[in-house]
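Peer 1: here are the coordinates; sequence isn't available:
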């Protein structure tokens, strides 16, 4: 690889690991990157990947970007044209999407094709050296976050039903296949693995962590509202128990306003859903992948450093007064 070329940093996820925060950083604080001579493309990279794969003759319909917002498509097309014209040849790039990991590393058949997909991206970015940044959330915390996200999005199911679904879900082999393909295409030295947990991030902060690995110096911490925060457990429980899943009739703003009010009332949150036994089971199902990361990326140190919650019974009872308040606010709306 030609080390004289500038670097194209491609942050590929995974989901539930700060992608919304990074997107907000790119959009609202481009100076974070440009001050260090790194050009940030201010949109999700998915549309460009779709174009790259089409041009390379790779059939991957799960990457198709259907252009729901013409303005965003236009911006992507402009970047494609500018890159082809050599506009960015003298600066590094920062690109982000969780789609590459999310749609390649969870299904074995797609993981098999991931080497061809990454090679096509690398070939298109021929004026730069490609480096991948991958933030990962521990499997049990990922599933918990996924549950909260599904409830917030109007697709909530009782926890017992959700648990039955995740017992069989492990991405161990697909994750490994994707990573080995990536190593073959761009080299292990060009893959940066970052555990997404406060105990592992530089200064416990996603933005500071990103600055460190982009070699951005003397950067003050930026306080970002992610727009994708979790709800207070009380709100989650009331939504699951009182409303049919499959149709979200409540805006995010309303749900967050209710959640914030509960916090202001001093109601302690119980953030964990899973019982300890199931949590250990989920982590164990991913042990081969974590062992691989530990050996090859963490100098045989543990991949994740945050403690496993010692909760044998994760049942949760919503205070009746709070339950009544939540139902009343949901009925009244904004």
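Peer 2: Nice, thanks for sending it over. What you are looking at is a predicted structure, and each value in this text was computed from that prediction instead of being measured.
Peer 1: just the strands in this structure please.
Peer 2: Counting by DSSP state E, the chain has strands at residues 7-11, 38-40, 92-96, 129-136, 191-195.
Peer 1: need the ones you listed in a markdown table with mean neighbour count and mean pLDDT, can you?
Peer 2: In short, each C-beta sits where N, CA and C put it, glycine included. As requested, the strands of the chain are exported to a markdown table (neighbours: other CB atoms under 10 Å; pLDDT from 0 to 100):
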| stretch | mean neighbour count | mean pLDDT |
| --- | --- | --- |
| strand 7-11 | 24 | 97 |
| strand 38-40 | 21 | 96 |
| strand 92-96 | 23 | 96 |
| strand 129-136 | 23 | 96 |
| strand 191-195 | 19 | 96 |
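Peer 1: could the ones you listed go into TSV alongside distance to residue 317?
Peer 2: Output for these, formatted as TSV (distance: least, CB to CB, whole Å):
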stretch	distance to residue 317
strand 7-11	40
strand 38-40	46
strand 92-96	40
strand 129-136	33
strand 191-195	33
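Peer 1: Tell me which of the ones you listed lies nearest to residue 120.
Peer 2: strand 129-136 (11.2 Å; CB to CB).
Peer 1: re earlier: quick one, which of the strands of the chain is nearest to residue 150?
Peer 2: Short answer: strand 129-136, nearest of these by CB to CB, at 19.9 Å.
Peer 1: Distance from the chain centre to that closest one, please.
Peer 2: In terms of CA atoms, centre = their mean, to the nearest Å, the centre of strand 129-136 is set 13 Å apart from its chain centre.
Peer 1: Check stretch 37-57 too.
Peer 2: On the basis of CA atoms, centre = their mean, stretch 37-57 sits 17 Å off its chain's mean C-alpha point.
Peer 1: So what touches it?
Peer 2: 9-10, 23, 26-27, 30, 32-34, 60, 63-65, 67, 72-73, 75-76, 79-80, 88, 91-97, 99-100, 116-117, 120-121, 123-124, 214, 216 (CB atoms under 8 Å, 6 or more residues apart in numbering).
Peer 1: Could you rerun that using 7 Å?
Peer 2: Residues from elsewhere that reach stretch 37-57 (CB atoms under 7 Å, 6 or more residues apart in numbering): 23, 26-27, 30, 33, 60, 63-65, 72-73, 75-76, 79-80, 88, 91-97, 99-100, 117, 120-121, 124, 214.
Peer 1: hmm, back to that, so for residue 208, which of the strands of the chain sits nearest?
Peer 2: Closest among the strands of the chain, using CB to CB: strand 191-195, at 11.6 Å.
Peer 1: just checking, what packs against that closest one?
Peer 2: Identification of packing neighbours for strand 191-195 by 3 or more CB pairs under 7 Å, 6 or more residues apart in numbering; DSSP states H and E yields strand 129-136.
Peer 1: Okay, now the sheet partners of the strand it packs on, with direction.
Peer 2: Strand pairing for strand 129-136, using DSSP bridges, gives strand 7-11 (parallel), strand 191-195 (parallel).
Peer 1: mind giving me CSV with those and columns for distance to residue 256?
Peer 2: Shown next, in CSV, are the strands paired with strand 129-136 (distance: least, CB to CB, whole Å):
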stretch, distance to residue 256
strand 7-11, 25
strand 191-195, 27
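Peer 1: Quick one: closest of these to residue 311.
Peer 2: strand 191-195 (21.1 Å).
Peer 1: in the stretch 201-334 of the chain, what spans have low per-residue confidence?
Peer 2: 219, 225-227, 245-248, 313, 334 (pLDDT under 70).
Peer 1: Quick one: end-to-end distance for stretch 40-50.
Peer 2: 19 Å (CA to CA, to the nearest Å).
Peer 1: hmm, I was thinking of stretch 196-215
Peer 2: 19 Å.
Peer 1: Give me the contacts around that stretch.
Peer 2: 9, 17-18, 21, 25, 36, 38, 133, 135-138, 192, 194, 219, 221-222, 224, 304-306.
Peer 1: So for that stretch, what gets flagged as buried?
Peer 2: 196-197, 200-201, 206-212, 214 (16 or more other CB atoms under 10 Å).
Peer 1: Same list (those) but as TSV, adding distance to residue 146.
Peer 2: Shown next, in TSV, are the buried residues of stretch 196-215 (distance: CB to CB, whole Å):
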residue	distance to residue 146
196	13
197	16
200	20
201	20
206	19
207	23
208	26
209	22
210	23
211	28
212	28
214	28
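Peer 1: quick one: which of the residues you listed sit in helices?
Peer 2: 206-212 (DSSP state H).
Peer 1: ok, those vs residue 325, which is closest?
Peer 2: Using CB to CB, residue 206 comes nearest to residue 325 of those, at 32.5 Å.
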